[in-house]
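1. Just the structure for this:
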Amino acid sequence: MAGAPLTTTFKPPLPPLHLTPFRRFRTPIAAACLSPTTKPTMPDPHPSLEVSGGARDRFLPAFKTLHLPYSPFPIIGWNRHIETMFAAFYRSVPDVRYRRECLRTQDDGTVALDWVGGDHRRLSADVPILILLPGLTGGSQDSYVRHMLVRARSRGWRTVVFNSRGCGNSPVTTPQFYSGSFIGDMREVVAHISAKYPKASLYAVGWSLGGNILVNYLGKESNTCPLSGAVSLCNPFNLVIADVNLRKGFNNIYNRSLKRALCRIFSKHALLFEDIEGEYNIPMAMNAQTVREYDEAITRVSFGFKSVDDYYLNSCSSDLIKHVRVPLLCVQAANDPIAPISGTPFPDIKENPNCMLIVTPKGGHLGWVAGDDAPYGAPWTDSLVMDFLEHLEKDASKPLESSSNIEDTQQSLEILQQI
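-> Purely as a prediction, here's the structure:
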């Protein structure tokens, strides 16, 4: 795990310049810093937070509250299991009226995009758009999704929830759901939204397995990714480690809860799998006792993996984060019972000049019951996420640098490296 934040008295050697490629709506952020004398002063992050990543110093100015201690809500926030379950069952659920759009994919599958009702008339076509990716079996009904949606909308952003196949009561039209490594639907959703609002910058936030899918997408698309920035929260990163962890002790409670949700979705659409060729095990899927059993019966077969272990091994976003080329903020809780901190790819995040990682000492899984809105309100992370995204969008609104200015910047940094 990374050490304590650098103090202002230590001056590390300047890293090599990595210029983010030009994108349609965003100025390359790496071209913004010309010399240490122009760098804005800021307080160091509070010692209760572990802040690292190759883009740490680049993105620190975005955050207004990182200098404050992370203070979990008494009793609830002191135990990771209590916090996880409290957030799941007792966190308030904002009232949101959705307007659903069903998107038919190239393989005749269907995903449901839930927009906020009335925003297509109220907002201009060029306001930034935030795509929300819920966790495993999650959807637009979940409290953490709605709180983030309400926060972004209050800042004037257009928001849309991407409900994966079968999630959020979305229709299932083919014998295929989704997986931790399948990015085909994400690719089509982004292309569809981009075509619908060609003047808007696109951003995305993913939680848990949705975060894993998002980072896999960012890494696989790499230099061609049309997003202007992204945030990953409670990402398991390494599905092999997460699988082993989910079958230990008290975590079996979460395992059974998630498998029940998977089985409910599957049972609604089981007829699609009747008489289908392949290694599908319908009885096992209907009576699965763990997430692993369900993935062995359905998921790994749908996506062509030899076994469930092969599926987990080849679906880890930890393997692809080094290829991410857009600004990415990752937020993890050190005591997360479902996305263990041991799966977090600290070295690759530290070496990637586009990534920043914040680790909180507490938080559980999708909990973060702390801050002014605790215990029933929005997660502590919501304000952090919007600080980051608004910082990126503000940078995107600046006039484009000329190529000569960028060359001058690179030459200036090369000279400073030699000092």
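2. Report the buried residues of stretch 256-271.
-> 258-259, 261-263, 265-266, 269 (16 or more other C-beta atoms under 10 Å). From N, CA and C alone the C-beta is placed, and that goes for glycine too.
3. Now do that stretch: everything it contacts.
-> Residues from elsewhere that reach stretch 256-271 (C-beta atoms under 8 Å, 6 or more residues apart in numbering): 136-137, 166-167, 172, 175, 177, 246, 282, 285-291, 293-294, 298.
4. change it to 10 Å
-> 85, 88, 135-138, 164-167, 169-175, 177, 208-209, 246, 272-273, 282, 285-295, 297-299, 338 (C-beta atoms under 10 Å, 6 or more residues apart in numbering).
5. what about the stretch 201-350 of the chain, any weak spots by pLDDT?
-> Applying pLDDT under 70 to the stretch 201-350 of the chain flags no residue at all.
6. which residues of it fall in strands?
-> Secondary structure of the stretch 201-350 of the chain by DSSP state E, counting those that start in this stretch: the strands cover 202-207, 229-233, 328-333.
7. Looking at the ones you listed, which is nearest to Tyr144?
-> strand 202-207 (6.4 Å; C-beta to C-beta).
8. now the closest one: how far from the chain's centre is it?
-> Taking C-alpha atoms, centre = their mean, to the nearest Å, one finds the center of strand 202-207 at 6 Å from the center of the full chain.
9. Output that strand as CSV - backbone C-alpha positions only.
-> C-alpha atoms of strand 202-207 as CSV (Å, rounded to 0.1, in the frame of the first residue of the first chain):
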residue,chain,number,x,y,z
LEU,A,202,-19.5,12.4,-21.7
TYR,A,203,-18.5,11.1,-18.3
ALA,A,204,-19.2,7.8,-16.4
VAL,A,205,-19.4,6.6,-12.8
GLY,A,206,-19.4,2.9,-12.0
TRP,A,207,-19.9,1.1,-8.7
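10. and it, what other elements does it pack with?
-> strand 129-133, helix 143-154, strand 158-163, helix 184-196, helix 209-221, strand 229-233, strand 328-333, helix 381-396 (3 or more C-beta pairs under 10 Å, 6 or more residues apart in numbering; DSSP states H and E).
11. Which single one of the buried residues of stretch 256-271 is nearest to Tyr311?
-> Leu262 (14.1 Å).
12. what about the closest one, distance to Thr290?
-> 10 Å (C-beta to C-beta, to the nearest Å).
13. Same check on Val359?
-> 28 Å.
14. and the two? which has more neighbours close in?
-> Taking neighbours as other C-beta atoms under 10 Å, Val359 and Thr290 compare with Val359 leading, 21 against 17.
15. For the nearest residue to that one once chain neighbours are set aside, grab the count of nearby residues.
-> Excluding its sequence neighbours, the residue lying closest to Val359 (C-beta to C-beta, 6 or more residues apart in numbering) is Glu50, at 4.1 Å. Using other C-beta under 10 Å, Glu50 has 20 neighbouring residues.
16. Then the one 3 residues further on?
-> Residue neighbour count, defined by other C-beta under 10 Å, stands at 24 for Gly53.
17. Likewise for Ile213?
-> Ile213: 29 neighbours (other C-beta under 10 Å).
18. Next up, the contacts around it.
-> Neighbours of Ile213 in contact, by C-beta under 10 Å, 6+ apart: 133, 135-136, 162, 164, 178-183, 185-186, 204, 206, 232, 235, 315, 317.
19. at 7 Å what do you get?
-> 133, 180, 183, 186, 206 (C-beta atoms under 7 Å, 6 or more residues apart in numbering).
20. so how far is Ile338 from it?
-> For Ile213, the distance to Ile338 - C-beta to C-beta - is 16 Å.
21. what does Glu50 give?
-> 19 Å.
22. Same question for Val331.
-> Val331 sits 15 Å away from Ile338, taking C-beta to C-beta as the criterion.
23. Got a quick ChimeraX command for the buried subset of the contacts of stretch 256-271?
-> Listed next is the ChimeraX selection for buried residues among the contacts of stretch 256-271, using 16+ other C-beta under 10 Å:
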select :85,88,135,136,137,138,164,165,166,167,170,172,173,175,177,208,209,246,273,285,288,290,291,292,293,294,295,297,298,299,338
